[in-house]
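S.K.: no sequence on this one, just coordinates:
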């Protein structure tokens, strides 16, 4: 990769975006394979991002502490400390979008990565251009919190209260800890109560993708149920419509207040 310089799995280096224009965001790439790290960093830099690289978990956490990234591209199989643990520790410091990058395509690994708090999961081999598009999409959603004044309203229903401007949520008075995608998914469903959406529609409307693994939607619905349903095994709020998709049902008398002007 042109301009990448030498690289060792035990070292890390920063790759700056071109100086001709401000960086689109600061991305932390964590992968112990120097070739993969170099390719990913090169494509992201070419797309206008400021990129820092780490080859292991401790180096990644040190970089995270020194400068909080706007997004992390995190390999699952790292020496000493795996990507799941790195993700947990990063998210313990505060919300940060995470895209898991791994050679392991087992569904259990993918689900665990998403349940750890990852916002997306990309399996090697992958298209670097597709990865850049996914980074663009995740960051676009993360920055959607900056809604112009006067537009956002609280979304309420069935004991849920979401504040799109503050990106905060409560359920029956208790604070909800939601990932970026969980918040966006719940907000979208609250804006459209009683309407059934296919997984393809939810991926397009919430994730902003016309492609991707639909099990991502399934995992996020399951996680949301675990946080908002009184009995997740028998959901009364986020219902499965067999053969179609998912629908949010509000109890009689409970109404959601859509935030006017917000994109669906």
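M.R.: Arrived safely. Here the structure is a predicted model, which means the values were calculated and not measured.
S.K.: so where's the stretch 101-250 of the chain shaky on pLDDT?
M.R.: 104-117, 144-152, 211-212 (pLDDT under 70).
S.K.: can you give me the strands for it?
M.R.: Ranges of strands in the stretch 101-250 of the chain, per DSSP state E, counting those that start in this stretch, are 120-123, 155-157, 160-163, 168-171, 174-175, 196-197, 238-241, 245-248.
S.K.: Tell me who's in contact with the residue most central in space within the chain.
M.R.: For the chain, the residue nearest the mean C-alpha position is residue 119 (2.3 Å; Cα atoms, centre = their mean). Counting by Cβ atoms under 8 Å, 6 or more residues apart in numbering, residue 119 touches 97-99, 138, 179-181. Glycine gets a C-beta too; all of them are placed from N, C-alpha and C.
S.K.: one more time with 6 Å, if that's ok
M.R.: Counting by Cβ atoms under 6 Å, 6 or more residues apart in numbering, residue 119 touches 97-98, 138, 180-181.
S.K.: Give me the contacts around stretch 177-185.
M.R.: 97, 117, 119, 141-142, 169, 206, 220, 224.
S.K.: List the buried residues for stretch 156-167?
M.R.: 156-158, 160-164, 167 (16 or more other Cβ atoms under 10 Å).
S.K.: Now do stretch 24-34: everything it contacts.
M.R.: Under Cβ under 6 Å, 6+ apart, the answer for stretch 24-34 is 7, 9, 37, 40-41, 44, 48-55, 60, 63, 69-75, 78-79, 139.
S.K.: could you redo the last one with a cut-off of 8 Å?
M.R.: 7-9, 17, 37, 40-41, 44, 47-57, 59-60, 63-64, 67-75, 77-79, 83, 86, 101, 135, 139.
S.K.: Please indicate which of the residues you listed are buried?
M.R.: Counted by 16+ other Cβ under 10 Å, those give 7, 17, 37, 40-41, 44, 47-57, 59-60, 63-64, 69-75, 78, 83, 86, 101, 135, 139 as buried.
S.K.: just the helices in the stretch 51-200 of the chain please.
M.R.: 57-66, 83-92, 107-116, 128-142, 180-191, 199-202 (DSSP state H, counting those that start in this stretch).
S.K.: Tell me which of those helices sits most buried.
M.R.: When the helices of the stretch 51-200 of the chain are scored by mean count of other Cβ atoms under 10 Å, the highest mean neighbour count falls to helix 180-191 (a mean of 23).
S.K.: Now do it: distance to the chain's middle.
M.R.: Put simply, helix 180-191 sits 12 Å off its chain's centre (Cα atoms, centre = their mean, to the nearest Å).
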